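Engineer: Sequence and predicted structure are below.
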Amino acid sequence: GDSRIVAKRYTKSPMLLPTVSDTPRTDYDSVKDYFDAFLLKKPQGKILDGDIYIGNGWATDSGIYEFTMGATGDVVKARYSYNYVQEDGIWKIQHHHSSVMPEEIAVGKSISEDEVRSLFSLWNDALATLDPKKVAARYAKSGVLLPTVSDTPRTDFSSIEDYFVNFLTLKPQGEILESHVTIGVNWCQDVGIYEFTMGATGKKVKGR
């Protein structure tokens with residue numbers, strides 16, 4: 001996951017309209033900045049449906065692709081369009097537009113209670129890596145974390161990562177003891193009691 005290698009696939013004056021950012025990226029540094037964060041999810045993509053057109057010194061590829069996020073197991077489908085041109089004899093991306101499927105945003109995919117509970121396992125697996133970035137990547141961009149052993153609410157990636165820098169030194173692994181799942185349109189929640197075993201000390205901590 002080297003963002004520099006990805007950014008070099010774009011021309012010197014690109015236009016990247018990314019899937020998970022509102023900011024157009026129009027040069028090497030801004031393209032790299034986007035992929036610095038996106039590559040933390042360990043994405044791997046495949047094209048599901050594509051149409052290619054070729055002209056004199058240019059080519060376009062547009063359709064639908066799907067990413068599997070290796071860090072979380074999430075699968076994201078999106079529409080895409082690539083415009084390629086030759087720069088210094090090398091085919092590169094001049095324009096790249098990617099956007100999530102609008103009907104899936106509006107309706108959302110259904111989720112079962114068991115699938116909701118399995119989301120905890122993905123978070124717990126991230127804890128086991130002892131990598132605070134991987135744990136923080138499990139939270140939404142506007143997520144709120146009210147932590148077990150800190151009085152400070154964490155409301156963005158950096159502050160969530162900062163909390164887990166210290167917490168992960170305890171080598172925690174969690175187990176849900178009691179769970180109450182509620183599912184709505186495009187949201188779900190899992191409320192209950194869990195227990196952590198701290199691998200660094202052997203101490204057990206129960207929390208809500």
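Structural biologist: That came through fine.
Engineer: so is the residue in the chain sticking out farthest from the centre in a helix, a strand, or just coil?
Structural biologist: In the chain, the greatest distance from the average C-alpha position (Cα atoms, centre = their mean) is reached by residue 56, at 36.9 Å. With DSSP: H, G, I helix; E, B strand; the rest coil as the basis, residue 56 sits in coil.
Engineer: Give me the pLDDT for it.
Structural biologist: Looking at residue 56, its pLDDT reads 93.
Engineer: And for the one 10 residues further on?
Structural biologist: The predicted structure scores residue 66 at 94 on the pLDDT scale.
Engineer: And it, how far from residue 6?
Structural biologist: Distance, residue 66 to residue 6, by Cβ to Cβ, to the nearest Å: 18 Å. The way it works is simple: take the backbone N, C-alpha and C, and place the C-beta from them, glycine included.
Engineer: Could you do residue 196 as well?
Structural biologist: 36 Å.
Engineer: The two - which one has more neighbours?
Structural biologist: residue 196 (20 against 17; other Cβ atoms under 10 Å).
Engineer: ok so that one is a helix residue?
Structural biologist: No - applying three-state DSSP, one finds residue 196 to be strand, outside a helix.
Engineer: Surely it and residue 176 touch.
Structural biologist: No - applying Cβ atoms under 8 Å, one finds residue 196 not in contact with residue 176, separated by 10.9 Å.
Engineer: Now do the phi/psi pair for the residue farthest from the centre of the chain.
Structural biologist: Backbone torsions for residue 56, taken as degrees, to the nearest 10, come to phi -80, psi 100.
Engineer: Any regions of the protein where pLDDT drops low?
Structural biologist: 104-109 (pLDDT under 70).
Engineer: So what touches the longest helix along it?
Structural biologist: Determined from DSSP state H, the single longest helix within the chain is helix 113-128. For helix 113-128, the external contacting residues (Cβ atoms under 8 Å, 6 or more residues apart in numbering) are 71-73, 134-135, 137-138, 164, 168, 172-174, 176, 179, 181, 183, 188-190, 194.
Engineer: Show the subsequent helix or strand relative to the strand or helix carrying residue 46.
Structural biologist: Taking DSSP states H and E as the definition, one finds residue 46 inside strand 43-54. Per DSSP H and E, the first helix or strand lying C-terminal to strand 43-54 is strand 58-69.
Engineer: tell me which strands and helices that following strand is in contact with?
Structural biologist: Applying 3 or more Cβ pairs under 8 Å, 6 or more residues apart in numbering; DSSP states H and E, one finds that strand 58-69 contacts strand 43-54, strand 75-87.
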